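Asker: Take this sequence and fold it.
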Amino acid sequence: MEKKIKEHIMDDIFCERPFEDNDWDSFMKNSALEFPDNFQVCQEYELDNARDIRGLMQSKYDDLVRLVESILPKNIYVVEQFDVWFSDSSKVIFGMFDTYEKALNEMKLGFEKLYPGFNADIYENGANQWISDRFEFGVMISELPINVFDEV
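Answerer: Now for the predicted structure:
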């Protein structure tokens, strides 16, 4: 994601650049006030020197990273199938979704397709758990945080 953000910013600011993997670092690490070879700033960004462009690039980068982080989901919802006792040894993961609603809808659609009559047969067994006596299994939707190091 970081690389794509940097490429987007460079494509916006520079009309010409070397288009190498290290363009961003090459420009940002250049301490001179003039532009490095093969870098030409687009007309709308005609700033006085390379230091001003580096500041603009960093500012745009910080803003876009904050925007992406605010848009990305903070949790993930996992659809899991178990035996009727919900023992961990029987767990099978059937999908991961960015909203609870998507997980619930896809769970109902997916299991109905695999087991016709599933939706008519299931009943709730507590928070985010459903059991099918006819098909002898349970389903659970677990909510997990993303980008967090912890026991899951």
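Asker: going forward, measure contacts and count neighbours with C-alpha atoms only.
Answerer: Noted.
Asker: Please identify the helix or strand for residue 11.
Answerer: Following DSSP states H and E, one finds residue 11 within helix 2-13.
Asker: what's the offset of that helix from the middle of its chain?
Answerer: Mean C-alpha position of helix 2-13 versus that of the full chain (Cα atoms, centre = their mean, to the nearest Å) differs by 18 Å.
Asker: How about stretch 26-35?
Answerer: Taking mean C-alpha positions (Cα atoms, centre = their mean), stretch 26-35 and its chain are 32 Å apart.
Asker: Could you tell me whether residue 79 really is in a helix?
Answerer: No - counting by DSSP: H, G, I helix; E, B strand; the rest coil, residue 79 is not found in a helix; it is strand.
Asker: pull the longest helix from the chain.
Answerer: Using DSSP state H to define each element, the chain has its longest helix at helix 50-71.
Asker: Would you mind listing where this protein has pLDDT under the threshold?
Answerer: Scanning the chain for pLDDT under 70 picks out 152.
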